[in-house]
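J.: A predicted structure for the sequence below; I have some questions about it.
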Amino acid sequence: MKEYFKRKLKGEIYFLKALPTPLYLSQCVLHKHELLICGGWDKRACYSYHTIKNEYKLICEYPSDITLMGLCVVELVGNNNKDSNEITLLSFGESSLIKKHTLMMKYVSVWSNNNSNNINGNEMNKSKESKKLNNYNEWVPFTDNHNHPIYIGRSGGYYQGMRAVIGGSNNNLLFITYWKNNISVFDLNTFQFIKHDTLPTKNEISFHCFVLNSENEQEMVKTNKKNCEMLLFCFNTGLLIEYDEDNNTFQFHQLPVCNAIASSFAYAYVRVNDIILFFGGWNNNEGASSKSVHKYSIRENKWMTFENTLLKQLCGSVAILSEDCTYIHIIGGKDDKETTVSTHMKTKVRLWDPLQLSKNEIKCIIQYWIRVLKIKLGWIDDFDQIIFKFKSNM
């Protein structure tokens, strides 16, 4: 019976249309059915990938005086309505060994002229002109309320391979973790750093995993507490980072790291509900890129290494969850020959998290039970939980 369901419900990894150019250490932000792919190592072009059309379109390029050698791109969530056609991106980090950049982009879909908005020619021209006048779909300097340019970065700080998330009770706090063992908090409302601290690790933190704790976000809404939790993994360092917004203080708690990933960094990672998935990476012990896949359960504080692996060895890729949370996209990276690739893969979430079952899979299980047990039955909500437990124990 178990083998039957393994064959019936087995997920897949797909190769999608290749990237317009090979990309390494790129950044990616989700916007509805679009993946906004922003630059990469020594690559200035930014693209929109349409997840339904399986096509790419050029959005813009970073300014010509910027040579990207490590960057971070985040969505300024506090400024955007979930249903809005516009989002605002913030890009910052190393643009060379000595120069840093801090830019923003107001993005409106480059696919809008292909949808069903029924915009006539004159209105389309006006729309294009309006976007141009308002600096849409191009990187411009990040400025304060008085139009003064703002640069995010401390003097002497090394931000290559940094990671950042936006959190806080008002989504106005930019948390930045960067080499060698630093964490900083930048207030996006006041345009100032409000906290610097040192991470309790002997490892050099760079090209690491850094995510918000989703369960903590929900708890903040319920209790109105201003404690923001984040998780960080790099080599054999695992940290639960708690930030007290009222007192402007950090607390750090050690987390386990499984041996199979303890010598790795530069992996693609993505958080799906209460788990974090890690794809590939660079293994320092082996001196090679990896195709391994690992899972960390936040709730259970446990690790798992999968028998299933990526279709090829990759490091320096970027992973992102689809809008409906059913697929994970893995973009770019370097292969086992240390060649930058134009690979774009898609994998089903349920391949790595069995509880993410589709309606068709639930129907398949029920039909199998009915056929085997030869009974007639109705439906109750408890069946959902029974099915999930049955599948997770397979």
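T.: The structure has been received and is ready for your questions.
J.: Residue ranges in the stretch 251-394 of the chain under the pLDDT threshold?
T.: Applying pLDDT under 70 to the stretch 251-394 of the chain picks out residues 356-394.
J.: in it, which spans are strands?
T.: 264-265, 268-272, 275-279, 282-283, 288-289, 293-297, 302-305, 318-321, 327-331, 344-348 (DSSP state E, counting those that start in this stretch).
J.: Now the ones you listed in TSV, please, with extra columns for mean neighbour count and distance to residue 173.
T.: Where C-beta positions appear, they are placed from N, C-alpha and C, glycine not excepted. Compiled in TSV, the strands of the stretch 251-394 of the chain are given as follows (neighbours: other Cβ atoms under 10 Å; distance: least, Cβ to Cβ, whole Å):
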stretch	mean neighbour count	distance to residue 173
strand 264-265	24	25
strand 268-272	21	18
strand 275-279	23	21
strand 282-283	22	30
strand 288-289	19	34
strand 293-297	21	24
strand 302-305	15	29
strand 318-321	20	22
strand 327-331	23	27
strand 344-348	20	32
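J.: For these, please prepare a markdown table with the additional fields distance to residue 101.
T.: Compiled in a markdown table, the strands of the stretch 251-394 of the chain are given as follows (distance: least, Cβ to Cβ, whole Å):
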| stretch | distance to residue 101 |
| --- | --- |
| strand 264-265 | 24 |
| strand 268-272 | 23 |
| strand 275-279 | 28 |
| strand 282-283 | 25 |
| strand 288-289 | 28 |
| strand 293-297 | 32 |
| strand 302-305 | 36 |
| strand 318-321 | 19 |
| strand 327-331 | 22 |
| strand 344-348 | 26 |
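J.: Looking at these, spot the one closest to residue 92.
T.: With Cβ to Cβ, the closest approach to residue 92 among those belongs to strand 318-321: 16.5 Å.
J.: out of the strands of the stretch 251-394 of the chain, nearest to residue 25?
T.: Of those, the one closest to residue 25 (Cβ to Cβ) turns out to be strand 318-321, at 7.8 Å.
J.: and that closest one, what does it pack onto?
T.: Other helices and strands packing on strand 318-321, by 3 or more Cβ pairs under 8 Å, 6 or more residues apart in numbering; DSSP states H and E, are strand 27-31, strand 268-272, strand 327-331.
J.: Residue 297: what's its closest spatial neighbour, skipping adjacent residues?
T.: Leaving aside its sequence neighbours, residue 297 sits nearest to residue 275 (Cβ to Cβ, 6 or more residues apart in numbering; 5.4 Å).
J.: gap between the one you found and residue 89?
T.: 26 Å (Cβ to Cβ, to the nearest Å).
J.: Compute the first-to-last residue distance for stretch 242-262.
T.: 23 Å (Cα to Cα, to the nearest Å).
J.: What are the structural domain limits within this protein?
T.: Under the assignment automatic domain parsing, the domains of the chain span 13-356, 357-394.
J.: follow-up on the earlier one: what's opposite the residue nearest to residue 297 in the beta bridge?
T.: Beta-bridge pairing for residue 275 (DSSP bridges): residue 272, residue 297.
J.: Now do the contacts for it.
T.: 295, 296, 297, 298, 352, 353 (Cβ atoms under 8 Å, 6 or more residues apart in numbering).
J.: related to what we said a few turns ago, out of the domains of the chain, deepest packed?
T.: Highest mean neighbour count of these: domain 13-356, a mean of 17 (counted as mean count of other Cβ atoms under 10 Å).
J.: roughly how far is it from the heart of the chain?
T.: Distance, stretch centre to chain centre, for domain 13-356: 5 Å (Cα atoms, centre = their mean, to the nearest Å).
J.: returning to that earlier point: ok, which of the helices and strands packed on strand 318-321 comes nearest residue 287?
T.: Using Cβ to Cβ, the helices and strands packed on strand 318-321 put strand 268-272 closest to residue 287, at 19.4 Å.
J.: picking that back up, can I get the helices and strands packed on strand 318-321 in CSV with distance to residue 176?
T.: Formatted as CSV, those follow (distance: least, Cβ to Cβ, whole Å):
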stretch, distance to residue 176
strand 27-31, 14
strand 268-272, 17
strand 327-331, 22
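J.: Out of the ones you listed, flag the one nearest residue 143.
T.: strand 27-31 (20.5 Å).
J.: neighbouring strands for the closest one, and are they parallel or not?
T.: With DSSP bridges as the test, strand 27-31 pairs up with strand 34-40 (antiparallel).
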